[in-house]
Every structure is written in structure tokens, then in C-alpha cells.
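In: Give me the fold of what follows.
(chains A and B)
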Amino acid sequence: MDMSLVPEGPYRFRMDRCGPMRVPGVVFATPDLLPRSAGDRTLEQVANVATLPGVVRASFAMPDMHWGYGFPIGGVAATDIDAGGVVSPGGVGFDISCGVRLLAAGIDREPLAPSMRRLMDLLGDTVPRGAGRGGLWKLSGRAQMEKLLVAGAGYAVEQGHGVARDLERCEDGGALADADPSQVGQRAVDRGLQQVGSLGSGNHFLEVQAVDQVYDAEAARAFGLHTGQVCVMIHCGSRGLGHQVCSDHVRVMDQSLRAFGIRVPDRQLACAPAVSTPGRAYLGAMAAAANYGRANRQLLTEAARRAFATAAQTGLDLVYDVSHNIAKIETHEVDGVARRLCVHRKGATLALPPGHPDLPADLAGFGHPVLVPGTMGTASYVMAGVAGNDAFASAAHGAGRVWSRHQALHRVRGEQLRDELASRGIAVRPSSWRGLAEEAPDAYKDVDLVVRAAEGAGLARPVARLVPLGVVKG
Amino acid sequence: MTRPGGHRGVPHTADLRVEAWGPTRAECLAQAVRGVCESFLDLTGAVAGRTREVLLRADRDEDVLVALLEEVVYWLDTEDEVPVDVELTPVAGGLRARLRMADAAALPVTGAAPKAVTLHRLAVSRGPRGWTCSVTIDV
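Out: Numbers count the residues shown, from 1 in each chain, chains lettered A, B, ... in the order given. Sure, this is the predicted structure:
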């Protein structure tokens, strides 16, 4: 396939249809943000996604796009479920409902400074991370797990792990509807029983941040943010349970491709019509795993609240919780007709425009919060959805990797990075030196450029910029 | 002439890609297990305790590899165990794997833990120098 890009404006490129592509590709980026390393297959993956049955409008890539498997990370695609449109677990990713939660502390940066060391020690000691078991909440068995899979963060709050207001500031009120725990296999449950309330590893983190700059004071006020304020950002997902759900349903769909007459260019794009038996089974299991991810972040919130109460005698209010690995059935207008679509966002955030009925009442005038974590050495952003986003109201989800983990290890030493960050006032509590080096700030795109491109492309607008003060690395 | 078994990590932007090889399919797949485990733990000095025996049934060699590595991920997540020795025996329709497990929590962590085995650019093949395989692991 010809994957050459045609500029359509300063922040947008078009990949024309060719070969088996059913729709064009659209890449939101500046030339600097396009994939450049030899052997990178991001654009090939944008083209592959455009071949999915029922795909409409375009296969989109966000400015933080990078090479994934199946879909690119930062990929968005919607299929018309009433016209044979498929759901593909590869369009959600293994870490179902991986997402970001932002909490606003009742304290500013300067008054916190004397307590910062104690706070980081407490967070480092009490936030479970790394491989294996060790979650904060051990579930008693499958029966309790099923309650959590149905009600998500709501079940955690009902069991005393949070306050009712938390749910008002979670996407979907903290639980995706139509979760079907019976479609979650026993191995997935086994993996999840002892991991509720844990970061995991890789690029997951809990970061103490401060609001460095506010771009829209009114929106920031509605979100509960002001310049100098301390915040906590949590990035994690559905741990082993979500990964097992993805693996199990990819296997089923891989085997059912022929029955549906579907050919995919990458086995990781295995899919089935969204209304078919395997399609519905996956969507039910995916919603259940998404709810696990939301409960997981709710438990980590409780740990952060305890640490802040002890070290700084202050509380944490939820700003918002977003999922950036998810598929949802949404209604969008395509070619002038309202259609029911299965919108896959893999490494992309929902960015509803102001006035959308799904927004919480107090945020309705400002658009859906879009949380864009950068790196432990640069910055993160709070953005908000805008009108006119033709990528099915989707925006970037982070900075986006440019170096492989190998490259990072060749160029960076974990201990040296820790010292460099410390010299800039950023305290790090890593789980391993190698893991820290793999997540070095230079391994990622410049998040300031990603946010500028997202704004320029009409995906979302910046509300506030946050800088890191301390990082607990998964 | 076949070459002795081995493995190496290959760059992939966000995740882990492992290539392994060996004179037999069993050795090649066992090397892949070793490659995955060494990507996140220092196995030097690891002491094997209990043995887990599993039957891996799959039509294709690629799917046997996936099933084998999924066992590694499962036991790591549920019992904090990691295999330090792998013995694979062909059986009708697949392989029998005997995994000699060590306590992962007692070993130094050197990288991000594997969480899933992907089908992206998955390959197992036999050539004049023996067997080779490559697999991308979600970390």
C-alpha cells in the first residue's frame, strides 16, 4: 500500500485510499511529530485499520501516535454497527481502560515544600507497583469480583473507598454500562483478584504535580484548578485482568475470522461484527474490564488521599478520570446521517464539545476534560473538548514514545536520570533503575508540541499546564 | 549446520520484541521463555522450587509459542512465580511443558514485566540452521 502523506494544513495530513483500504487515513501532526525512525510501522498500521469492515470517515492518528500492534497507539476508528461494522480488541489494546485520573489537592506548591519528602516517602511505600500481586484491595472471590466488574468505581465507593462526588467526575459515572462479567474468563479473574489498587509497571505512574500555567481561567476554575496548586496524576489501567480479557477474546475472534469472511492484514486486528456473538461477548467483557480499571484508579486515589492527609493534612478532590484505551457505542453524524458507531480509541481520549449532554452539569459549558500526561521531566496538560472535532470527538492521550525501550537503555542510566531530576527538584521513587531509564523524558515526543498540534488540529484546547514535583514509577 | 540455542531483544517502540533460536523447536521455544524472563528479572542465582506441568494445545507453532508465554504471564501475575527451567515434550496436538518455577519476588527487577503476548508479527519457522521465532510482548 502507498502510505505517503499529503499535507492538508499545518496540523493535518491525508493518506489516500489504496489497495484494501475502505477509507482514507488522517494523521493530525506537524512534520516534527510524524514517525521517523527506521522500521517504524505506525503509518502502515493507520492504513491497516482503514481496511476494517464497516469503518467510516477515516482511520485517524493523534499527534502522539506511535507504533503499536494492530492499531497504532493514538489510533481512532469508528465502524457502523448497523452495516456490518466490526469491533476489534486490537483497537482497544491489552490494557483495557488504561487511563488517567487527576486529583486537585487543597494545598499549593510552596506550603507543601517542607512536607514533600515525607509525602513522597509515604507514597513510595504505600502505592503498590511492579509485577504480580500486591493490590490494596484483595477481593474474596469471583462473586465479589463480578460486583466490581458491573459497578466499577461505584462499587469501590459503595464499599467505602471514596466519596460520592468522585463518581460525578468519572467518565460514564465510573462504570461503563452493559458490562457482562460472564464473558470474563476464570484466568482473567484469577489475575485480577489481588491487583485492585496497584499501578503495575511500564509507563504507569503516580505523580505529584503543580499547576504551572492556566490558559483558560474560567474552565480551570470549573475543573477545580488554579496556578500553583498541587495535583496528583495517576496513570494505570486494568492490570492482568484487562490483558487476559483482550488475549482471550482476540483468540476467539482470530478463529472466527473465516466464518465472517473477514481478512485482516495483521492478526492483532482480529475482529468480529459488533452485533455478532463474539462481538457482543467482547464488548461485554471489555466493559467489565474497563470498570475494573476505574475501580483500580479509585483505590489508588484512596492511597494518595491517606498520604496527603498524613504528610500535609489536606485532601484531594477528583478533577476527572478518563479512559484512553476503550471502544464505545456512540451516535455520530456521518455523511449527514446519525449512525450508531463502535468508536475505538486506542491511546486516545474522549473530547466531547461544550454543551454535550453526556458532560457533568458543572462542566457542560467547557467541554470534556482531556488529560494529557507528558513525562516525569517535562509537563502534563489538562485540555478540553471543542466543537468541530471530526475524529469522533477524540484527542491525544500523552506525549507518545519515539525511542524503543532498547534505545532508552543504551542512552540513559536510571541512577543518572534520578540525579538529574533531583537537581531540578523532582523526586523519583522508581521500582527499578532500568524501568526508570526506559521511561526517560527523552524517550518521548515533546508534549508541548503534541498539545500545540492537538489544538491546531481542532481536537481540543489547553486549559492548564502542570509540572512534576515527585514521581512514583510503576 | 544448526546453531546452538539463544535469544535476544529487538527494538520495538513501546514494547518488547524477543527473537529466539535453537536446533529443535523445543529448544527454540524454551529460549523464547528465557528471553522474556531475562528482560525484566535478573535470573542469576534464581533457585527453582515447585514444578508446574501444563499441556499446550494449538494447531500452529505460533500459537504454541503464545500459549507457552501466556503461562509465564499467568503464573507471574497470580503466584509471583517465574520459570527458570523449561522442559518441552511434543505430544499429539501440542506440547507438554514442565516449568521449574522460582519466586519472582526474590529476584532483582531489571525491567518492565510482561503482561500479554501479542499476535503482531508473530513468527515460528524452521530453516537450514534450525528453528527461529519472534514475538512481541506487551509490557
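In: what separates the residue lying closest to residue A:369 once chain neighbours are set aside from chain B, distance-wise?
Out: In this structure, residue A:369 finds its nearest non-sequential neighbour in residue A:320, 4.0 Å apart by C-beta to C-beta, 6 or more residues apart in numbering or on different chains. For every residue, glycine as well, the C-beta is placed using N, CA and C. The span separating residue A:320 from chain B equals 25 Å under the rule C-beta to the nearest C-beta, to the nearest Å.
In: Then residue A:231?
Out: As for residue A:231, its distance to chain B is 25 Å (criterion: C-beta to the nearest C-beta).
In: residue ranges with poor pLDDT in chain B?
Out: Along chain B, segments meeting pLDDT under 70 span B:14.
In: Just confirm residue A:81 contacts residue A:344, I think it does.
Out: No: counting by C-beta atoms under 8 Å, residue A:344 is not a contact partner of residue A:81; they are 11.8 Å apart.
In: Look at those two and report which has more neighbours.
Out: Legend: neighbour count by other C-beta atoms under 10 Å in any protein chain shown for residue A:81 and residue A:344, higher for residue A:344 (32 against 20).
In: Might you report the residue contacts of the more buried one?
Out: By C-beta atoms under 8 Å, 6 or more residues apart in numbering or on different chains, residue A:344 lies in contact with A:71, A:75, A:76, A:77, A:78, A:79, A:87, A:88, A:91, A:92, A:327.
In: do that again at 10 Å, thanks
Out: A:49, A:52, A:55, A:59, A:70-71, A:75-79, A:86-93, A:271, A:325-328, A:392, A:394 (C-beta atoms under 10 Å, 6 or more residues apart in numbering or on different chains).
In: ok, of these, which come out buried?
Out: A:49, A:52, A:55, A:59, A:70-71, A:75-79, A:86-93, A:271, A:325-328, A:392, A:394 (16 or more other C-beta atoms under 10 Å in any protein chain shown).
In: Show me what from the stretch 151-300 of chain A comes close to chain B.
Out: A:187-188, A:190-195, A:200-204, A:237, A:239-248, A:250-251, A:254-255, A:266-270 (C-beta under 10 Å from any C-beta of the partner chain).
In: which of those residues count as buried?
Out: A:187-188, A:190-195, A:200-204, A:237, A:239-248, A:250-251, A:254, A:266-270.
In: Number of residues surrounding the closest residue to residue B:109 other than its chain neighbours?
Out: Take residue B:109 and drop its neighbours on the chain: the residue closest to it by C-beta to C-beta, 6+ apart is residue A:432, 4.2 Å away. For residue A:432, the tally of surrounding residues (other C-beta under 10 Å) stands at 21.
In: cool, the one 4 residues further on as well?
Out: Residue neighbour count, defined by other C-beta under 10 Å, stands at 24 for residue A:436.
In: Which helix or strand contains residue A:357?
Out: Residue A:357 is part of no helix or strand when elements are defined by DSSP states H and E.
In: Name the nearest residue to the residue nearest in space to the middle of chain B, sequence neighbours excluded.
Out: By C-alpha atoms, centre = their mean, chain B has its centre lying nearest to residue B:33, at 1.7 Å. Distances taken as C-beta to C-beta, 6+ apart put residue B:86 closest to residue B:33, at 5.0 Å, once the chain neighbours are dropped.
In: Next secondary structure element downstream of the lengthiest helix in chain B?
Out: If you go by DSSP state H, chain B has its longest helix at helix B:61-79. Going down the chain from helix B:61-79, the next helix or strand is strand B:81-91, by DSSP H and E.
In: Now do that next one: which elements does it pack against?
Out: Contact here means 3 or more C-beta pairs under 10 Å, 6 or more residues apart in numbering or on different chains; DSSP states H and E; on that basis strand B:81-91 packs against helix B:25-38, strand B:51-57, helix B:61-79, strand B:94-103.
In: For the ones you listed, give me CSV that also has distance to residue A:41.
Out: Shown next, in CSV, are those (distance: least, C-beta to C-beta, whole Å):
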stretch, distance to residue A:41
helix B:25-38, 21
strand B:51-57, 29
helix B:61-79, 19
strand B:94-103, 30
